[in-house]
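**Student:** how does the following fold in three dimensions:
(2 chains)
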Number of protein chains: 2
Amino acid sequence: MAKEVERKFLVRNDAWRSRVSRVIAIRQFYLSIGADRSTRVRVSDGSSAKLTFKFGSNLPERDEYEYPIPLDEALSMQAFAIGSLIEKRRHLVSHGGYTYEIDVFTGELAGLIVAELETPDHVPDAALPEWLGREVTGDQRYSNAVLALSEKTHSTITALAS
Amino acid sequence: MAKEVERKFLVRNDAWRSRVSRVIAIRQFYLSIGADRSTRVRVSDGSSAKLTFKFGSNLPERDEYEYPIPLDEALSMQAFAIGSLIEKRRHLVSHGGYTYEIDVFTGELAGLIVAELETPDHVPDAALPEWLGREVTGDQRYSNAVLALSEKTHSTITALAS
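**Tutor:** Okay, the predicted model is just below:
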């Protein structure tokens, strides 16, 4: 179990692209999505899989439990996905001693780019890279779980949340 | 991943008690419950824990995925349980080449006794032990997930199912 403390930002321009240290191809889907929790299956680089539970709607901090699972089981569980498969390329970029993850979505969400900074530290605005755009921490529309949901399922989660 | 094929019965009398080969103390709770799926955490004999996903409302057959998890994480996830903790003593009894699991509930559900037979075989009525009562396979009221749910949560799942 870990406390996940994560800030999320839009991305203003492409300046980060020259500083990428690593790219990870991610495919992920959800087995359950509730107002205060989600269960995610993520396959990285087509070669490893893990299961992640996140609890708590008190963003940016959430409780997270993560377990590696066999790749073949992860792939077969896709048959039980709620909402859409999320496909993205995660780019790791270092800035000021922190690692930023820039997710460039492909597939159904092509065009969307979101940057994440995972740290319990308070990073002042002046220390953030200039290519970051507006902060969207806590904005449910940028939650991957919500992004995975179709219109129909979205009504369900809204009903659950109210 | 496994296909779980399970029949469930009420228990007519106590004749099974003289044939118990093993007793397991079970404490379990649910992290998510939907119309066609559930996520369960089970702690057995206070010493080992596993996470189980069940998919499919087409009882008696369901898809099941099971993973061992650290005991301390299982215990800490109880803070996120949906509904009540289920406590029961599972008694293993052999009859006619099959193992029956007789769950004697304690705690909030004290008084309830349910027997399960997990096999893909067709076991004819004549081969069933005489102490079995009415078959309740597929009767959602005897689903452990439904038993865990309080009145309030029960309304939610009914809404989700419709």
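
**Student:** for A:Glu135, see how far away A:Leu117 is.
**Tutor:** 10 Å (CB to CB, to the nearest Å). The way it works is simple: take the backbone N, C-alpha and C, and place the C-beta from them, glycine included.

**Student:** what residues are up against A:Arg12?
**Tutor:** A:130-133 (CB atoms under 8 Å, 6 or more residues apart in numbering or on different chains).

**Student:** for it, grab phi and psi.
**Tutor:** Dihedral pair for A:Arg12: phi -80, psi -40, per degrees, to the nearest 10.

**Student:** report pLDDT for it.
**Tutor:** With respect to pLDDT, A:Arg12 has a value of 97.

**Student:** cool, and A:Ser57?
**Tutor:** Taking A:Ser57 on its own, its pLDDT is 79.

**Student:** excluding chain neighbours, give the residue nearest to it in space.
**Tutor:** Leaving aside its sequence neighbours, A:Ser57 sits nearest to A:Asp36 (CB to CB, 6 or more residues apart in numbering or on different chains; 4.5 Å).

**Student:** contacting residues around the residue nearest the centre of chain A?
**Tutor:** Closest to where the C-alpha atoms of chain A average out (CA atoms, centre = their mean) is A:Asn144, at 5.1 Å. A:Asn144 sits next to A:28, A:40, A:86 when contact means CB under 8 Å, 6+ apart.

**Student:** before we move on, back to that, need the residues touching each of A:Leu117 and A:Glu135.
**Tutor:** Common neighbours of A:Leu117 and A:Glu135 (CB under 8 Å, 6+ apart) are A:7-9.

**Student:** need the residues of chain A near chain B, please.
**Tutor:** A:1, A:31-32, A:34, A:37, A:39, A:51, A:53, A:55, A:63, A:65, A:67, A:69, A:73, A:76-77, A:80, A:156, A:159-160 (CB under 8 Å from any CB of the partner chain).

**Student:** just the buried ones from those residues, in PyMOL syntax?
**Tutor:** In PyMOL, this line selects whichever of the residues of chain A next to chain B come out buried by 16 or more other CB atoms under 10 Å in any protein chain shown:
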select buried, chain A and resi 31+32+34+37+39+51+53+55+63+65+69+73+77+80+156
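
**Student:** which residues sit in contact with A:Arg42?
**Tutor:** With CB under 8 Å, 6+ apart, A:Arg42 has these contacts: A:26-28, A:49-50, A:52, A:74.

**Student:** pull out the buried residues from stretch A:11-30.
**Tutor:** Buried, per 16+ other CB under 10 Å, within stretch A:11-30: A:11, A:16, A:26-30.

**Student:** what mean pLDDT does stretch A:23-34 have?
**Tutor:** Rounded mean pLDDT across stretch A:23-34 is 97.

**Student:** and for that stretch, what are the contacting residues?
**Tutor:** By CB under 8 Å, 6+ apart, the list of residues contacting stretch A:23-34 reads A:38-46, A:77-78, A:80-92, A:103, A:144-146, A:148-149, A:153, A:157, A:160, B:31-32, B:34, B:37, B:39, B:53.
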